[in-house]
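Peer 1: just need the structure, nothing else, for what follows:
(one chain, ligands or ions: 2)
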Amino acid sequence: MTKEPGWDAPPGPSVQPGRPQRNSRSTRLLASVVALAIFTFISSSVNFRILGTASFMSSSRDAGFNSIPFHAKEILDECAALKIPAGPPKDFNSRKVSDRYTPGTPSTIIYNARIWTGEKNGTEVVDGFVWLEKGIVVAVGGLEEQEGVLKELRGSRKHDSLVKFVDAGGKWVTPGLVDLHSHLGVMSAPVLIGAQSTNSRKGPIIPWLRSIDGFNTHDDSFELTTSGGVTSAQVLPGSGNAQGGQAFVVKLRKTPERSPSSMVIEPPHSLNGSTLDPSLPPRWRHMKQACGENLRRYGNRMDSIWSFRLAYNEARKIKDAQDDYCRKAEAGEWDSLRGQDYPNSLQWEALVDVLRGRVKISNHCYEAVDLDNLVRITNEFKFNIASFHHAHEAYLVPEVLKKTYGGTPTIAVFAVHGGYKREAYRGSPFATRILADNDIPVVMKSDHPVTNSRYLLFEAQQAHYYGLPANLALASVTATPATAAGLSHRIGYLREGCDADVVLWDTHPLQLGATPVNVWIDGVLEVPVAVEKGGSEHRVPVGKGKEDPGWQEIPEVPNWDEERQRAIEWEGLPPLGGTQVHETVVFTNVSELWVRHPEHGIVQQFNGGFEEFDSKDQVVVVNSGRVACVGPSGSCTGFMSSGSKRANLRGGVISPGLTSFGSSLGLQEIEQEASTGPGKPYDALIQDVPGIVGDIGGVERASDALLFQTRSAFSAYEAGVTYAVVALDSYSGLIGGLSTTIRTGAHHSLEKGAIIQEVTALHVTIERDPWGSGYVSTSTQINVLRNLLLGSHQGVTSDSATGYWFRKVTRGEIPLVVKVDSVDIMATLLKLKAEVEDTKNSTTKLVFSGASESHLLAENIANANVGVILTSPRPYPATWDSRRILPGPPISSETTITKLQGAGVLVGIGVTTPDFAKNARFDLTWAGLESSGCINKRQAYALASTNLDKLLGIKHGSGDGDLVAFEGGSLFDLSSKVAAVVSPQRGLVDLF
Ligand SMILES: *[C@@H]1O[C@H](CO)[C@@H](O)[C@H](O)[C@H]1NC(C)=O
Ligand SMILES: *[C@@H]1O[C@H](CO)[C@@H](O)[C@H](O)[C@H]1NC(C)=O
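Peer 2: Ligands and ions are numbered 1, 2, ... in the order given. Next up, the predicted model:
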């Protein structure tokens, strides 16, 4: 019932559909901006003493007498230091011990490895070894040197006990991944209000805040994220402010000191107030800026851009005063400085450093207008922006980006996540490639916890799938973000002198499901985790079922030239939906055909298993959307004509259309634009449903609120997700109403076959309230549900919708889907189910959706014959209710899916974000790949098709289920893309 507020949304009273809002916050506009910005620096007077010309310093200008301050040397040093550019000292790479070295850490040599170093534009691969010592990569070498080095290390008694030997067995090794955009530690898991330091509400301009000051070292995400191979992350303040504060790049390793400070890589000198050593270059600092929608609390786009200009003008005044002061000091004009201290301001010093080119700015900025605004400001005030983040329209305005003062920024994006708000609406999965084609550096970022940074590499895999070259895709999560953060001298690469942050992968890292076998941070072994925790070394099998050498190769991907061109032409909104063909379509070169079987689930009609089978000759002939002939082309000639349309699947597979479950798909176009959605149903727990509704519980039908032709629905359709179960439960309170099942590719509800099942299930949500908004207690929620199921509320008459549908539930005529994550609530629901069945002498069909903690109750759920739909199949412990996840390899052998299936629970998978519905095929592949061989392809298909049919009672007429034709592989292969949807019920084929 509550939707987690977007972590990138403006802060403050969480926006919670279905809950009363208490956010009539007064928007303070320009007044507060001005008040803040005109806060000028204070210069205090200093002690000058009149010194004779014979003193330690003399003025060359004044003959005779001049006043020179006692601390003239400090002043001159400080002035001189202003001219030293930020970055590492020249001799950095000759260091022998890392400043991050934990004494006692053994040296490690990883040998027989395929090493992707990040060098040469991400094309360099070394077959050989990486040697880690004292927190540093001390050598990367080829096989020719390897034997010698191993021998020396093995022979040396000194080293013997201190060196760990890791045989990579020919597997891939990369630098630890670098996440350029994370809210780890400031937006922690599980959400506990006391630990959130994402956005300050104290104004649009607050560059003096520091994310490290709100950093929670107990975020559950650290271990999870590290288990995905991520070793460093830039911790950014939120994007609710134009200048939200300073950011810090941290290592995701708990240090012996256990402090935030000790996790920061190269803390800037200003962090701890230590005096600057003017002989050393200053370390890079980091700053978060944001523009666009998230600043609405402070006004509109014009207001926020003015706030930027006001702030930079203030900083510029200070910088000019400093420069003037230094010019005079360096010229020995001390008299003119009498009574003046070096001009500075604790509040504005960070922004002054921006103007001095010492700060890497990460700028959240989506649209052409925002990018253009900020680029204009960089030229007005002469500073650089290191990276634009999100930047969903960056690919449409490469020439604007190139006008940025001081050089083109890096663009940090999601691979496919878009459309969630207006400024992300024109995002394109082809953006990364288009940017790369324009020579603009591309970074994939998590925006953790918006997407779980454990799967940062998945972003790179998807970017590669949609056309980003492999070398750049790998660099996009290693070398490129490290460079954008000014830290490429120590992270993001594997070369001598870099930090010892290394990952050994089970497959080529661009293969879906690639999982770390080992992760080292600063040379310390972090994965497998049991080693760290002091337990016995409990090795989780990683890479089981991926023994085929093909897994070590860069995956082949489809050609998207045409789609990419269309994305640019249509400014991100190319028409979707395909071309309908009612006549005969001949699919040639088909390697497999799988269909939905009314009793046996997914079955395979033919495959390449036969001796004489030659897929090149196999055809599937479809007539009016129905499969008419399957077999060698010679045997099907009678079903084709010379005019028949042909589609060469190049060895591809035809398989059943998938079903999406769990998001607002089919109800809303843009998630964060309420006007594009259905609005909120009444929640009978917090207000009386008006009498005119005629139903005390206010049970509503999703079929009355449908919105067809949304981009998320059509994108899902074009990715092989042809059905969606649509429910209002993400908008409502306890009672989520009646779901309906639709065809994602339909144009309106009256189109033939648009509605698969008018009423599918009755939905309710039972949860603790993660945002503390004062929703009714879980006991009240359960109590109300009990009354509804037992029919014991006198107001719930059998002729009301509420009475009618809950009665149907108790009779087992319609499934009850309960959105629930907590195992304790699930246990209570199992008791309630037994009580109801006992009282009513009936069997109810109960399904838990969400169900993050369900693995803890697998046996009981199975015994109660309850089904489970996991809407986060790769789980994340977002809330207190969902914190006890079963993470899967490399942390645990089992996944939630394998645990439940092993106990005999019927499992389906779903999705929470409409925009991710199109990713169902990847979700199925992941489910199979991380199951250590427990889930085969047939079972994987079923998770998002026939299992959902069974759980929800969705009926497809015999042979009526949609089929999806993949070109170049199956839905499990990165080499494939959808060529067509075959729709018997509508008598047509949609060709893409
Ligand atoms: C880096 O690699 C990309 C993609 O492979 C290529 O297009 C680009 O020209 C390369 N850049 C340099 C400087 O070699
Ligand atoms: C319960 O239902 C079963 C069959 O549905 C029936 O045989 C039995 O008599 C019922 N018991 C009671 C107590 O009504």
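
Peer 1: state the distance from Pro439 to ligand 1.
Peer 2: Just so we're on the same page, residue 439 is Asp rather than Pro. From Asp439 across to ligand 1, the span is 7 Å (C-beta to the nearest ligand atom, to the nearest Å). C-beta here means a position set from N, CA and C on the backbone, and glycine is covered the same way.

Peer 1: look at that residue and tell me its secondary structure.
Peer 2: What DSSP: H, G, I helix; E, B strand; the rest coil gives for Asp439 is coil.

Peer 1: enumerate every residue touching the residue of the stretch 651-800 of the chain found nearest ligand 1.
Peer 2: In the stretch 651-800 of the chain, the residue found nearest to ligand 1 is Ala719; the distance is 25.7 Å by C-beta to the nearest ligand atom. Counting by C-beta atoms under 8 Å, 6 or more residues apart in numbering, Ala719 touches Lys918, Asn919, Ala920, Arg921, Val978.

Peer 1: between the residues you listed, which is nearest ligand 1?
Peer 2: Among these, and counting by C-beta to the nearest ligand atom, the member closest to ligand 1 is Asn919, at 25.1 Å.

Peer 1: who in this structure is up against ligand 1?
Peer 2: Asn121, Pro469, Asn471, Leu472 (C-beta under 6 Å from any ligand atom).

Peer 1: run a quick neighbour tally on Ile84.
Peer 2: By other C-beta atoms under 10 Å, the residues close to Ile84 number 14.

Peer 1: which residue is nearest the centroid of this structure?
Peer 2: Residue closest to the average C-alpha location in the chain (C-alpha atoms, centre = their mean): Thr451, at 2.3 Å.

Peer 1: before we move on, back to that, now render the contacts of Ala719 as TSV, adding secondary structure.
Peer 2: Shown next, in TSV, are the contacts of Ala719 (three-state DSSP):
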residue	secondary structure
Lys918	helix
Asn919	helix
Ala920	helix
Arg921	helix
Val978	strand
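
Peer 1: so which residue of the stretch 301-450 of the chain comes closest to ligand 1?
Peer 2: Counting by C-beta to the nearest ligand atom, the stretch 301-450 of the chain gets nearest ligand 1 through Ala436, at 6.3 Å.

Peer 1: check contacts around that residue.
Peer 2: So Ala436 contacts Val442, Leu468, Pro469, Leu472 (C-beta under 8 Å, 6+ apart).

Peer 1: residue in the stretch 401-550 of the chain nearest to ligand 1?
Peer 2: For the stretch 401-550 of the chain, C-beta to the nearest ligand atom, closest residue to ligand 1: Pro469, 3.8 Å.

Peer 1: grab the nearest non-local neighbour of that residue.
Peer 2: Using C-beta to C-beta, 6 or more residues apart in numbering and skipping the chain neighbours, the partner closest in space to Pro469 is Ala436 (6.8 Å).

Peer 1: give me phi/psi at Leu337?
Peer 2: Taking degrees, to the nearest 10, you get phi -100, psi 0 for the backbone angles of Leu337.

Peer 1: who touches the closest residue to ligand 1 within the stretch 751-900 of the chain in this structure?
Peer 2: Using C-beta to the nearest ligand atom, the closest approach of the stretch 751-900 of the chain to ligand 1 is made by Arg874 at 29.3 Å. Taking C-beta under 8 Å, 6+ apart as the contact definition, Arg874 lies against Asn452, Arg454, Tyr455, Gly888, Asp923, Trp926, Glu930.

Peer 1: repeat for Arg646
Peer 2: Arg646 touches Val585, Val586, Phe587, Thr588, counting by C-beta under 8 Å, 6+ apart.

Peer 1: the residue of the stretch 301-450 of the chain closest to ligand 1 and Val443: what is the separation?
Peer 2: Counting by C-beta to C-beta, to the nearest Å, the separation of Ala436 from Val443 is 11 Å.

Peer 1: now swap in Thr255 and tell me
Peer 2: Counting by C-beta to C-beta - Thr255 and Val443 are separated by 26 Å.

Peer 1: the two: who's more crowded?
Peer 2: Between Thr255 and Val443, counting by other C-beta under 10 Å, Val443 is the more crowded of the two (31 against 17).

Peer 1: is it fair to say the more buried one lies in a strand?
Peer 2: Yes - counting by three-state DSSP, Val443 is found in a strand.

Peer 1: so what pairs up with it in the strands?
Peer 2: Taking DSSP bridges as the rule, Val443 bridges to Ala412.

Peer 1: about what we covered before: report the two of the contacts of Ala436 separated the most.
Peer 2: Val442 and Pro469 (10.1 Å; C-beta to C-beta).

Peer 1: quick one, which of the two is more surrounded?
Peer 2: More crowded of Val442 and Pro469, by other C-beta under 10 Å: Val442, with 26 against 19.

Peer 1: wait, the more buried one touches Leu472, no?
Peer 2: Yes - counting by C-beta atoms under 8 Å, Leu472 is a contact partner of Val442 at 6.3 Å.

Peer 1: find residues that contact each of the two.
Peer 2: Thr432, Ala436, Thr480.

Peer 1: just the residues you listed: which are in helices?
Peer 2: When DSSP state H is applied, the shared contacts of Val442 and Leu472 are split such that Thr432, Ala436, Thr480 fall in helices.

Peer 1: among those, which one sits closest to Ser362?
Peer 2: Thr480 (13.4 Å).
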